[in-house]
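Visitor: the sequence isn't on hand, but the structure is:
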């Protein structure tokens, strides 16, 4: 294939669009409002679309993987934000070692599961 892809941007839904927008800004993403019902959130080259749409079967089964260079450092910065104390339903599950690397989990206010991970070298 002669051309190459520039990015991939998943679409995710929100149980409460206003709360999710505040959560992702607090998470460290920059918001670009595209319409009254959709925003683009970006952070250091990673982006996704947040929609004012809630379909329980879709949202309850959405998972995203955010690869970071140093998961321990990222996790320390994330924990300092106290997102669970600021947003109802948000949970952080501590980093665990896997055969392929390390990851921790973040559940957003709608229940979307984020895997925050670092791959092992080799």
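Guide: Yes, it's here. Everything numeric here is computed off the predicted structure, so don't read it as measured data.

Visitor: what strand or helix carries the residue nearest to residue 32 when sequence neighbours are not counted?
Guide: What sits nearest to residue 32 in space, not counting adjacent residues and going by CB to CB, 6 or more residues apart in numbering, is residue 40, at 4.4 Å. C-betas here are computed from N, CA, C, even on glycine. Applying DSSP states H and E as the criterion places residue 40 in strand 38-43.

Visitor: next, the angle from the following helix or strand past that strand to strand 38-43.
Guide: Using DSSP H and E, the helix or strand that follows strand 38-43 towards the C-terminus is strand 46-51. Counting by axes from the mean of the first three to the mean of the last three CA atoms, to 10 degrees, strand 46-51 lies at 160 degrees to strand 38-43.

Visitor: just checking, what packs against strand 46-51?
Guide: strand 11-12, helix 17-27, strand 38-43 (3 or more CB pairs under 8 Å, 6 or more residues apart in numbering; DSSP states H and E).

Visitor: distance to residue 121, mean neighbour count and mean pLDDT for these - can I get that in TSV?
Guide: Below are these laid out as TSV (distance: least, CB to CB, whole Å; neighbours: other CB atoms under 10 Å; pLDDT from 0 to 100):
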stretch	distance to residue 121	mean neighbour count	mean pLDDT
strand 11-12	30	16	98
helix 17-27	27	17	98
strand 38-43	24	17	97
